[in-house]
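Asks: I would like to see how this sequence folds:
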Amino acid sequence: MPTKLLYCFARPFLFSLDAEQAHNLTLPLLKKSAALGMGALMSRPDPDPRNVMGITFPNPVGLAAGLDKDGKYIDALAALGFGSIEIGTVTPRAQAGNPKPRMFRLPQANAIINRMGFNNGGVDAFVANVQHSKFYQNKSGVLGLNIGKNADTPMENAADDYLYCLEKVYPYASYVTVNISSPNTKNLRQLQGADELDGLLSKLKAAQQKLADQHKRYVPLALKIAPDINAEQIKLIADNLLRHRIDAVIATNTTLSRDAVTGLNHANEAGGLSGAPVFELSNTVIRGLKAELGDSIPIIGVGGIMSGKDAQIKIDAGAQLVQLYSGLIYQGPSLIHECAAALKRG
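Replies: Now for the predicted structure:
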């Protein structure tokens, strides 16, 4: 496949650069290629529609949030053949994120550690980028918008940031993801606790209903959770999802565990670990959620997918859709087609 061969040639150069530098080089090049019409030369996965959250996804392989935090590259990423694009995480106000360097590759483990810290240009710039994209203008596909809180917002006021962002992004989203699981915003994961989660979801659900009435359109809410939770916490989260009628759960974000990368270069860097080492951790959470939720609430599986077989394992664990991020860094865009083909066969 030409895409695979092209990435095989490009990867050594990209991996010779700092990880964030390579990221900041690749996306603008991808955007320029798409603007020149080169995206039309790429084959798209065969149609394999899945209805999840009341939305028809052209295929079950989506882009996870984090690759395009500001929505500057929606059209370029859509040209790669994803069944959905999720962008963000966005916060009410612009913020620089954590000091650099803040992203590290661990090639021996097909892993990445990042401590980006929700670096983004703020929700107003984010919405403007969405509005200017052809993907949005032409209603070309499924667009997830991922929201979070500013780092300097006190935890007791966290819900205000989510509500503010929800109101801003609601008119432009196919669905909205509530990110309470990044390890790189201090104390954010506290929102997964019983009282905190109950209060946040109650406010978000009330706001969702109000916005649905206002815009005459129901936009589903998904909750993105961490892999570093035990069976008791999985049950607590599942109970809250059911009680508040949240539309989907995304499992999972990055892990704080270093068990799978002990002794490797950069293994002791602070931040969230993604890629192959999080694969089984996220699968365990997916299985636990499936046992608690049954078919009541759909699960979107993300974490460590490096092959079509990995994608199928996520579905077998209980997910209805999958998302990619770190696998793209290691395998290139051909991974999208490989996963889509495997899931269509499976």
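Asks: and for L17, the neighbour number?
Replies: Close neighbours of L17, defined as other Cβ atoms under 10 Å, add up to 13. For the C-beta atoms, the positions are set from N, CA and C on the backbone; glycine is no exception.
Asks: actually A64, not the one I wrote
Replies: 27.
Asks: tell me how far it lies from L273.
Replies: 15 Å (Cβ to Cβ, to the nearest Å).
Asks: ok, now S174?
Replies: Distance of S174 to L273, computed by Cβ to Cβ: 29 Å.
Asks: more crowded one of those two?
Replies: A count of neighbours by other Cβ under 10 Å puts L273 above the other of S174 and L273, at 30 against 21.
Asks: so what's that one up against?
Replies: Residues near L273 by Cβ atoms under 8 Å, 6 or more residues apart in numbering: A111, I112, I113, T254, T255, L256, S257, R258, A260, V261.
Asks: quick check: phi and psi on the fourth one?
Replies: Okay, so that is T254. With angles defined as degrees, to the nearest 10, T254 sits at phi -80, psi 160.
Asks: my read is that it contacts A270, right?
Replies: No. Contact criterion Cβ atoms under 8 Å: T254 and A270 do not qualify, at 11.7 Å.
Asks: neighbour count: the two, which is higher?
Replies: When neighbours are counted by other Cβ under 10 Å, T254 and A270 differ, and T254 comes out ahead with 31 against 12.
Asks: which residue is the nearest non-sequential neighbour of the more buried one?
Replies: Among residues not flanking T254 along the chain, G272 sits closest, at 2.7 Å (Cβ to Cβ, 6 or more residues apart in numbering).
Asks: measure that neighbour to V178 for me?
Replies: From G272 to V178 the distance is 17 Å (Cβ to Cβ).
Asks: ok, G304 next?
Replies: With Cβ to Cβ as the criterion, G304 and V178 are 22 Å apart.
Asks: neighbour count for the two, which is higher?
Replies: Neighbour tally, G304 and V178, criterion other Cβ under 10 Å: the higher count belongs to G304, 29 against 23.
Asks: so how far is P183 from T252?
Replies: Distance, T252 to P183, by Cβ to Cβ: 11 Å.
Asks: shared neighbours of these two, which are they?
Replies: In contact with both T252 and P183: A226, using Cβ under 8 Å, 6+ apart.
Asks: give me the more crowded residue out of the two.
Replies: Under the criterion of other Cβ under 10 Å, the comparison of T252 against P183 puts T252 first, with 27 against 20.
Asks: give me every residue that touches the more buried one.
Replies: Contacts of T252 by Cβ under 8 Å, 6+ apart are S181, K224, I225, A226, P227, V278, L281, S282, V285, I286, V302, G303.
Asks: again, only this time at 7 Å
Replies: T252 makes contacts with I225, A226, P227, L281, S282, V285, V302, G303, as judged by Cβ atoms under 7 Å, 6 or more residues apart in numbering.
Asks: tell me which element the fifth one falls in.
Replies: Spelled out, it's S282. Taking DSSP states H and E as the definition, one finds S282 inside helix 279-293.
Asks: what packs against the helix or strand following that helix?
Replies: Going down the chain from helix 279-293, the next helix or strand is strand 299-302, by DSSP H and E. In terms of contacts (3 or more Cβ pairs under 7 Å, 6 or more residues apart in numbering; DSSP states H and E), strand 299-302 is packed against strand 248-251, helix 279-293, strand 321-324.
Asks: identify each buried residue in the longest one, please.
Replies: Spelled out, that is helix 279-293. Residues 279, 281-290, 292-293 are the ones in helix 279-293 that count as buried (16 or more other Cβ atoms under 10 Å).
Asks: contacts for it next, please.
Replies: Residues contacting helix 279-293 (Cβ under 7 Å, 6+ apart): 227, 229, 231, 234-235, 238, 241-242, 249, 251-252, 255, 257, 299, 301-304, 310, 313-314, 317-319.
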